[in-house]
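Chemist: Starting from these lines, generate the structure:
(one chain, ligands or ions: 1)
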Amino acid sequence: MKTRSPIVSVLGHVDHGKTTLLDNIRGSTIAAKEAGGITQHIGATEIPMDVISSICGEFLERMSINEKLPGLFFIDTPGHEAFTTLRKRGGSLADLAILILDVNEGFKPQTYEALNILKSSKTPFVVAANKIDKIPGWKSVENASFTESMKQQDSDIVFKLDQKLYEIVGTLHEEGFESERFDRISNFASQITIVPISAMSGEGLTELLTMLLGLAYQYLREQLQIEENSPAEGTVLEVKEEKGLGLTIDTIIYDGLLNKDDRIMMLTKDNKVISTKIRSLLKPKPLEEIRESKTMFENTDEIVAAAGVKIVAPHVDDVVAGSPLKVANANDEKVEDELLSEVDNIRIQTNDIGIIVKADTLGSLEALVNILDQKDIPIKSAEIGDISRRDIINASIMYEEDKKYGVVVGFNVNILPSAEEELNNQEIKVFQDKVIYQLTEDYLDWVNTAKERQKEQRLASIIRPSKIRIIPKLVFRHSKPAIAGVEIMSGIIQRGVTLINEKGNVVGKVESMEDNGENLSKASRGSQVAMAISDAVFEKDFEEGDVLYVDMSERNFLAIEEEFDSKLLDDERHTMDELKEIKQQSEDPNWGVINTDWSELDTLDEDEYED
Ligand code: GDP
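Modeler: Residues are numbered from 1 along each chain as shown. Below is the predicted model of the structure:
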């Protein structure tokens, strides 16, 4: 058994300093020029313990961290795309994370998203409150520890920093985490550590590295024990064309040993297992040698975890980023099952009706599906890869079922040309983003807007509860059509509606309305108009002073009760009740009682979803 270095990822919102932090960690450790120096891996950088202790010595002692770890292994690709891609059985490949944020800006969408991902992967993390040097009045002390740098600052600046830190503490609290500045923490097991840093000037990096080691000692002792001679296990970071080498795969090996003669097995985009024989194992050449030679890599015979290595091997075209990698043995089937079962862990619960989901890697697909699940958005299918013509066609089948599911949601993927073409023929909506959380928000916003619009359209097309009174001594014509002066007592009368009397008998249709010689298509409460009622005969169908109601179907009535009750005026509400009573007495004692099959209501009007 040996102890490997903990694997560390840096996550955070764009421009908050992930890359600068990684560069500075490498830079300042190179500058330290200690024995051993740093080890450059493919896709990762390892800082050995002696380098760390030469930088952090005093702090390590104070935290009583005894040096048993070989070092810290930083994944070079920052951001949560890399974090989610790099997974291993049962969780994230990263053992630890730094959640970085700009102390002046606080939490941003990707900060929340990163926090959610850390939460669901249960990865221990430290918060780096970056860019303290940008606080107005801050006096930067290059590469000083935060503790030393603090001594140089005026008290009002320290106060300002604390204010900003407490905002972060507050937000973390809302998100379910207790946290504190690292030097005020009372309980490392229950509180998240916040370290104020400047990735630019290097201030605070000492404490940041110390706190990471502290986390490793606290949480990872067992996890970091590996069997030195067992077959390697790893994760594919990227499939990459390399000049003179063809397609290569960059992998992070987190357990065991990989030999240049090994045969390895991995997953393809369509969930198949491929087996391929390694041609060569490559690691980066030391910087000074690259200058003299053409190639950036050098061959190695074997590597031991944790390590980042470039593998040259045939048939890797379809290998998917995020795939697990295993060494084949005498029993290929067993290894194959193991590989497939790793994907089974994230096998997605799909529904008969739902949206189409695409993402670039296994890990990002998993993260996206998790968030969609949390929001109860049903998924028809979820796959890795660019948006294809087939996806659009599948979405259009969903569109037929329910327009809100005629949707493709793509994370970090492109739309293939054939799919673009198909999109022109279909009313399918495609959502694309590089922020998972943004994708789900955008989709839900769109659904809600469409629902609101649909509701408004339905309201416009619905007959509102209305009644009129025939004004005495103002009947101008007795029949064909009957014409009388009427007062609108409630609601809005539209031309064409049918009028009934208080017994529920049909009186006639509103053929036209006039006010002061002007023709009206509708008239609302309070107005008096001359109304022509076709098929009605005065003194047979109606009398002076009669109150008449606008007839409506039971379905119309129930739609109002169910959806628009809140939009009715008091007088309309009252008219509804009167109408219900008339209908119950004249037609059916259960008329307008809510026990109808609601699905019928959906067909009342066409749904409307637009761009
Ligand atoms: P990323 O998108 O998270 O990788 O962010 P970068 O590392 O690329 O940083 C974004 C910008 O912020 C760059 O212009 C950096 O120079 C700047 N930056 C990063 N860290 C600091 C810092 O500590 N102080 C200051 N003043 N600028 C910083």
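Chemist: Can you read off the pLDDT for the spatially most central residue of the chain?
Modeler: Geometric centre of the chain, nearest residue: Tyr437, 2.6 Å, by C-alpha atoms, centre = their mean. Tyr437 is assigned 80 on the pLDDT scale.
Chemist: Any buried residues in the helix or strand hosting it, and which?
Modeler: Using DSSP states H and E, the element containing Tyr437 is helix 436-461. Neighbour counts over helix 436-461 (16 or more other C-beta atoms under 10 Å) mark 436-443, 446-447, 450, 454, 458 as buried. Where you see a C-beta, it was placed from the backbone N, CA and C, and this is true even at glycine.
Chemist: for it, the distance to its chain's centre please.
Modeler: Counting by C-alpha atoms, centre = their mean, to the nearest Å, helix 436-461 is centred 17 Å from the centre of its parent chain.
Chemist: can you redo the buried residues of helix 436-461 as a markdown table with distance to Lys68?
Modeler: As requested, the buried residues of helix 436-461 are exported to a markdown table (distance: C-beta to C-beta, whole Å):
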| residue | distance to Lys68 |
| --- | --- |
| Ile436 | 37 |
| Tyr437 | 38 |
| Gln438 | 42 |
| Leu439 | 43 |
| Thr440 | 43 |
| Glu441 | 45 |
| Asp442 | 47 |
| Tyr443 | 48 |
| Trp446 | 53 |
| Val447 | 53 |
| Ala450 | 58 |
| Gln454 | 63 |
| Arg458 | 69 |
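Chemist: Mind checking what helix or strand follows the helix holding Tyr437 in sequence?
Modeler: Moving toward the C-terminus from helix 436-461, the next helix or strand (DSSP H and E) is strand 467-477.
Chemist: now the strands: where do they sit in the stretch 501-611 of the chain?
Modeler: Here the stretch 501-611 of the chain has its strands, by DSSP state E, counting those that start in this stretch, at 506-515, 518-520, 522-524, 528-534, 547-550.
Chemist: which stretches of the chain have low pLDDT?
Modeler: 28-37, 64-67, 90, 287-294, 344-348, 595-611 (pLDDT under 70).
Chemist: Domain map for it?
Modeler: Following the TED database, the chain resolves into domains at 2-225, 233-340, 349-453, 467-587.
Chemist: Out of these, which gets nearest to the ligand?
Modeler: domain 2-225 (3.3 Å; C-beta to the nearest ligand atom).
Chemist: Those residues of the protein touching the ligand, which are they?
Modeler: Contacts of the chain with the ligand, taken as C-beta under 6 Å from any ligand atom, map to 12, 14-20, 78, 130-131, 133-134, 198-200.
Chemist: now those: which count as buried?
Modeler: Counted by 16+ other C-beta under 10 Å, these give Gly12, His16, Gly17, Lys18, Thr20, Pro78, Asn130, Lys131, Asp133, Ser198, Ala199, Met200 as buried.
Chemist: Give me the subset of these that lies in helices.
Modeler: Counted as lying in helices by DSSP state H, out of these, are Lys18, Thr20.
Chemist: Let me know the closest of the buried ones among the residues of the chain next to the ligand to Tyr219.
Modeler: Using C-beta to C-beta, Gly12 comes nearest to Tyr219 of those, at 20.8 Å.
Chemist: residues in contact with the nearest residue to that closest one once chain neighbours are set aside?
Modeler: Computed as C-beta to C-beta, 6 or more residues apart in numbering, the closest residue to Gly12 that is not its neighbour in sequence is Ile100, at 3.8 Å. Each residue near Ile100 by C-beta atoms under 8 Å, 6 or more residues apart in numbering is listed here: Val10, Leu11, Gly12, His16, Gly17, Lys18, Leu21, Val127, Ala128, Asn130, Ala199.
Chemist: Which residue or residues pair with the second one through a beta bridge?
Modeler: Think Leu11. Taking DSSP bridges, one obtains Leu99 as the residues bridged to Leu11.
Chemist: which residues does it contact?
Modeler: Per C-beta under 8 Å, 6+ apart, neighbours of Leu11: 18, 78-80, 83, 97-100, 114, 117-118, 125.
Chemist: Would you convert those into TSV that also reports distance to Leu569?
Modeler: Listed next are the contacts of Leu11 as TSV, based on distance: C-beta to C-beta, whole Å:
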residue	distance to Leu569
Lys18	57
Pro78	58
Gly79	54
His80	51
Phe83	55
Ala97	57
Ile98	59
Leu99	53
Ile100	56
Ala114	50
Ile117	50
Leu118	52
Phe125	56
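Chemist: Out of the residues you listed, the closest to Glu58 would be?
Modeler: Closest approach to Glu58 among the contacts of Leu11 (C-beta to C-beta): Ile98, at 21.3 Å.
Chemist: Next, count neighbours for the closest one.
Modeler: 27 (other C-beta atoms under 10 Å).
Chemist: how close does the residue lying closest to it once chain neighbours are set aside sit to Phe177?
Modeler: In space, Ile98 comes closest to Val10 once its chain neighbours are excluded; the distance is 4.8 Å by C-beta to C-beta, 6+ apart. Distance of Val10 to Phe177, given as C-beta to C-beta, to the nearest Å: 18 Å.
Chemist: Just want to know which of the two has more residues nearby.
Modeler: Per other C-beta under 10 Å, whichever of Val10 and Phe177 has more neighbours is Val10, with 29 against 17.
Chemist: list the contacts for that one?
Modeler: Neighbour list for Val10: Lys18, Leu21, Leu22, Phe74, Ile75, Pro78, Gly79, Ala97, Ile98, Ile100 [criterion: C-beta under 8 Å, 6+ apart].
Chemist: Redo the strands of the stretch 501-611 of the chain as CSV? Include mean neighbour count.
Modeler: Output for those, formatted as CSV (neighbours: other C-beta atoms under 10 Å):
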stretch, mean neighbour count
strand 506-515, 18
strand 518-520, 12
strand 522-524, 18
strand 528-534, 21
strand 547-550, 22
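Chemist: Dump those to CSV, plus distance to Ala306.
Modeler: CSV is the format used below for the strands of the stretch 501-611 of the chain (distance: least, C-beta to C-beta, whole Å):
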stretch, distance to Ala306
strand 506-515, 82
strand 518-520, 81
strand 522-524, 75
strand 528-534, 85
strand 547-550, 77
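Chemist: mind checking which of these is nearest Asp270?
Modeler: Between those, strand 522-524 lies closest to Asp270; by C-beta to C-beta that is 59.4 Å.
Chemist: Contacts for the closest one next, please.
Modeler: Ile488, Gly491, Ile492, Ile493, Gln494, Arg495, Met513, Asp515, Val529.
Chemist: Quick check, Val319 in contact with Ile249.
Modeler: Yes. Here Val319 reaches Ile249: they are 5.9 Å apart, a contact under C-beta atoms under 8 Å.
Chemist: So what's the residue count around Ile463?
Modeler: So Ile463, with other C-beta under 10 Å, has 20 neighbours.
Chemist: I'd assumed Met552 was in contact with it.
Modeler: Yes. Applying C-beta under 8 Å as the test, Ile463 and Met552 come out as touching, 4.6 Å apart.
Chemist: Return the distance of Gly137 relative to Gln153.
Modeler: When Gly137 is compared with Gln153 (using C-beta to C-beta), they lie 8 Å apart.
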